[in-house]
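# After the sequence you'll find the predicted model.
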There are 2 protein chains.
Amino acid sequence: MSVHFRKLALIGIGLIGSSIALAAKRQGLVDVISIATRKQETLDEARDLKLGDIYTLEAAEAVRGADLVIICTPIGAYESVMKSIASALEPGAILSDVGSVKGHVVKTLTPLVPAGISLIPGHPLAGTEHSGPSAGFPELFTGRWCVLTPGPEVEPAKTEKLASFWRAMGSQVECMDATHHDMVLAITSHIPHLVAYNIVGTVADLEAATQSEVIKFSASGFRDFTRIAASDPVMWRDIFLTNRDAVLEMLGRFSEDLSALQRSVRTGDGPALEAMFTRTRAIRRSIISAGQETAAADFGRPHE
Amino acid sequence: MSVHFRKLALIGIGLIGSSIALAAKRQGLVDVISIATRKQETLDEARDLKLGDIYTLEAAEAVRGADLVIICTPIGAYESVMKSIASALEPGAILSDVGSVKGHVVKTLTPLVPAGISLIPGHPLAGTEHSGPSAGFPELFTGRWCVLTPGPEVEPAKTEKLASFWRAMGSQVECMDATHHDMVLAITSHIPHLVAYNIVGTVADLEAATQSEVIKFSASGFRDFTRIAASDPVMWRDIFLTNRDAVLEMLGRFSEDLSALQRSVRTGDGPALEAMFTRTRAIRRSIISAGQETAAADFGRPHE
Ligand SMILES: NC(=O)c1ccc[n+]([C@@H]2O[C@H](COP(=O)([O-])OP(=O)(O)OC[C@H]3O[C@@H](n4cnc5c(N)ncnc54)[C@H](OP(=O)(O)O)[C@@H]3O)[C@@H](O)[C@H]2O)c1
Ligand SMILES: NC(=O)c1ccc[n+]([C@@H]2O[C@H](COP(=O)([O-])OP(=O)(O)OC[C@H]3O[C@@H](n4cnc5c(N)ncnc54)[C@H](OP(=O)(O)O)[C@@H]3O)[C@@H](O)[C@H]2O)c1
């Protein structure tokens, strides 16, 4: 089934929005792309990059006549975005987003969505640590998951149409409950980021002399954490503010486990340490056999 | 100055030992390489891979007549290795190692080193998560640091000769105090690995249904941790047993910081979270400007 939308409206045109614009255009999935953002300079940048066909600072203007609207701003802006577009939405349109948290998004958007509009929240599990309209590239979603969390009231045909749109951009699509999404993402993404931010913060507090050597020798593991911790601060602030419960639940388990490991180090319990370090290998093997990673011996980087 | 050794003895021929053998041979740094290891099958594997010239299960045999001896076993084996080779070491020889912890190594080896032998502990900051003789490759050390921690009694010419050997294999060499090495490595390498093992362990304890989704969606950050946590359990057990004090010191700071971050999440303190996530960017920038990393937007992996 070929998927096609007349008019795609993107509200927010950063890394994710611009990547959607580029991928949708390249695959011929839409006739017209209209782009709205908050700042004039960002809009000008998007225009210079030829990301769309219509450019406006008025989100309501952008969504008029659109059969697909995707909100691509930080989650903290959703409520105000939604208030400004609600009355301009075209009956029958699909309203989606790309936010990294879903339960909160459902809670914020649902009461503001007019009748006749299908709200299908989405989350492409793809990203880099770069932001803004120039960070996007059309292959960003290739081979990546996109999770959709439609409510029970949504017509299956609408969900299928949006799923086809993401598949046409190269993604694999999975539907699930918003709460379940948030718990899974808390441990696959949010806790890893929190821990990475934390260790980089610990280094930031070291005495200057040690710190400069840490930077010099960062390839030993620390560098991988700084890469994760270089992601956009506003986006991550919003994630932790809006997925608080799942994050605290998973962080509680993580901290308990860390205390146990710390005790094994303190007491010099070799067998316990070795058992722990062996047990974790099974998870790694599952990831490889699930096709989510190769076993290449390069920490993900080609040998220099 | 061209560097040259008559006979290089490698005790232990896993990832690091085999990489040294391949690099030293390729660069023509030695006339003869003798290899000793514990197990017959490992020795046979090394022979099949043509890693050296002499193969033996007797470490004492391997070091006889060698002007450079490098211990490449897990740190836990050092004491027994040292006891078996001490009387066979050639006067004037350089005795080094590649262990990831240095203070403990100095403490273990020093009392056992005969007069006339220059003990210069070393640590190449290079590795992969693979082990054994077949895991090695001659480019492993290219562009990587190698830290040497000679005591004050060592002749500078000996240290310089060993440094030249590592430079000829592609490394940059830095000399420092063993204790300082251990503190820097605790935060650049040991804590990142401990945290990675810990988060993978937390996932290993999740209910089966959630766990299979975590594996499916592991590309969102978690996968990078599993890669780190796939390293050899025995090697890491030894690291935590032997660098206990520095690890506990840094882990204490890390845990304090994590508690503060957890509190910010719990109280929904957006400004504190954003400030924290912004502060960490400066460290990332320092790493890039120190030439330790590119700013490529690919989490270290080429775009699929
Ligand atoms: N980056 C990732 O790795 C990733 C991955 C998956 C999902 N996501 C989700 O994707 C969304 C966008 O992330 P991104 O990485 O694309 O961010 P980004 O590059 O920082 O872009 C954000 C865009 O939103 C606009 N914007 C910000 N505040 C706004 C407001 N109050 N009203 C209207 N527009 C506003 C910005 O425009 P101005 O310059 O005009 O303010 C910019 O165009 C977030 O919800 C995030 O959770 C991100
Ligand atoms: N891997 C890394 O990322 C990395 C990085 C920097 C430094 N290091 C350091 O390098 C050293 C070796 O690590 P590796 O990764 O090369 O390990 P590896 O691949 O597991 O190889 C270890 C070698 O030591 C031998 N061995 C083990 N126990 C022994 C014993 N009791 N007596 C004699 N030989 C023994 C093993 O042979 P058998 O099969 O015969 O037992 C094997 O040849 C460790 O001290 C580690 O701290 C590792």
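Received it, and whenever you're ready, just let me know what you need. Ligands and ions are numbered 1, 2, ... in the order given.

# so how far is B:Ser118 from A:Glu274?
33 Å (Cβ to Cβ, to the nearest Å). C-betas here are computed from N, CA, C, even on glycine.

# now A:Met176
Using Cβ to Cβ, one gets 62 Å for the distance from A:Met176 to B:Ser118.

# Compare those two and say which is more crowded by neighbours.
B:Ser118 (20 against 14; other Cβ atoms under 10 Å in any protein chain shown).

# can you pull the pLDDT of the more buried one?
pLDDT for B:Ser118: 98.

# Name all residues that make contact with it.
Applying Cβ atoms under 8 Å, 6 or more residues apart in numbering or on different chains to B:Ser118 gives the contacts B:Ala93, B:Ile94, B:Leu95, B:Pro150, B:Val154, B:Glu155, B:Lys158, B:Thr159.

# In strands, which of these fall?
B:Ile94, B:Leu95 (DSSP state E).

# Redo the contacts of B:Ser118 as CSV? Include pLDDT.
Shown next, in CSV, are the contacts of B:Ser118 (pLDDT from 0 to 100):
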residue, pLDDT
B:Ala93, 98
B:Ile94, 98
B:Leu95, 98
B:Pro150, 98
B:Val154, 97
B:Glu155, 97
B:Lys158, 98
B:Thr159, 98
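
# Could you let me know which of the contacts of B:Ser118 ends up closest to ligand 2?
Nearest to ligand 2 among those: B:Leu95, at 14.6 Å, using Cβ to the nearest ligand atom.

# Can you pull the phi/psi pair for the residue in the stretch 1-150 of chain A that chain B sits nearest to?
Residue nearest to chain B within the stretch 1-150 of chain A (Cβ to the nearest Cβ): A:Thr128, separated by 4.0 Å. Main-chain dihedrals, A:Thr128, degrees, to the nearest 10: phi -140, psi -180.

# Quick check: the gap between it and A:Ser19.
For A:Thr128, the distance to A:Ser19 equals 9 Å [Cβ to Cβ].

# So A:Glu45 sits against A:Gly136, correct?
No - counting by Cβ atoms under 8 Å, A:Glu45 stays clear of A:Gly136, with 11.0 Å between them.

# So for these two, which residue has more residues nearby?
Neighbour tally, A:Glu45 and A:Gly136, criterion other Cβ under 10 Å: the higher count belongs to A:Gly136, 25 against 17.

# Just list the residues touching the nearest residue to that one once chain neighbours are set aside, thanks.
Of all residues not flanking A:Gly136 in the chain, A:Ser18 sits nearest, at 3.0 Å (Cβ to Cβ, 6 or more residues apart in numbering or on different chains). For A:Ser18, the contact set (Cβ under 8 Å, 6+ apart) comprises A:Ala46, A:Leu49, A:Leu51, A:Gly132, A:Pro133, A:Ser134, A:Ala135, A:Gly136.

# got CSV for those, with distance to ligand 2 and pLDDT too?
Shown next, in CSV, are the contacts of A:Ser18 (distance: Cβ to the nearest ligand atom, whole Å; pLDDT from 0 to 100):
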residue, distance to ligand 2, pLDDT
A:Ala46, 44, 98
A:Leu49, 42, 98
A:Leu51, 43, 98
A:Gly132, 37, 96
A:Pro133, 40, 98
A:Ser134, 37, 98
A:Ala135, 33, 97
A:Gly136, 36, 98
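
# ok, of those, which come out buried?
A:Ala46, A:Leu51, A:Pro133, A:Ala135, A:Gly136 (16 or more other Cβ atoms under 10 Å in any protein chain shown).

# Just those residues: which are in strands?
Reading strands off these, I find no matches (DSSP E).

# could these be laid out in a markdown table, adding distance to A:Asp245?
Output for these, formatted as a markdown table (distance: Cβ to Cβ, whole Å):
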| residue | distance to A:Asp245 |
| --- | --- |
| A:Ala46 | 35 |
| A:Leu51 | 36 |
| A:Pro133 | 33 |
| A:Ala135 | 30 |
| A:Gly136 | 32 |
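
# which among those are in contact with ligand 1?
Filtering these for neighbours of ligand 1 using Cβ under 6 Å from any ligand atom leaves A:Ala135.

# So which of the buried ones among the contacts of A:Ser18 sit within helices?
The members of those that map onto helices under DSSP state H are A:Ala46.

# check contacts around the residue in the stretch 151-300 of chain A positioned nearest to ligand 2.
Residue of the stretch 151-300 of chain A nearest ligand 2, by Cβ to the nearest ligand atom: A:Ser220 (8.3 Å). A:Ser220 is in contact with B:Leu125, B:Leu185, B:Thr188, B:Ser189, B:Pro192, counting by Cβ under 8 Å, 6+ apart.

# among these, who's most crowded?
Using other Cβ under 10 Å as the neighbour test, the contacts of A:Ser220 are led by B:Leu185, with 28 neighbours.

# Just the element for that residue, please.
Assessed by DSSP states H and E, B:Leu185 sits inside helix B:178-185.

# Kindly export the strand or helix carrying A:Arg223 (C-alpha atoms) in PDB.
Secondary structure assignment for A:Arg223, by DSSP H and E: helix A:222-228. Output in PDB follows, covering the C-alpha atoms of helix A:222-228 (Å, rounded to 0.1, in the frame of the first residue of the first chain):
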ATOM      1  CA  PHE A 222      34.500   8.000  29.800                       C
ATOM      2  CA  ARG A 223      34.400   9.400  26.300                       C
ATOM      3  CA  ASP A 224      31.400   7.300  25.400                       C
ATOM      4  CA  PHE A 225      29.500   8.800  28.300                       C
ATOM      5  CA  THR A 226      30.300  12.300  27.300                       C
ATOM      6  CA  ARG A 227      28.900  11.600  23.900                       C
ATOM      7  CA  ILE A 228      25.600  10.600  25.500                       C
END
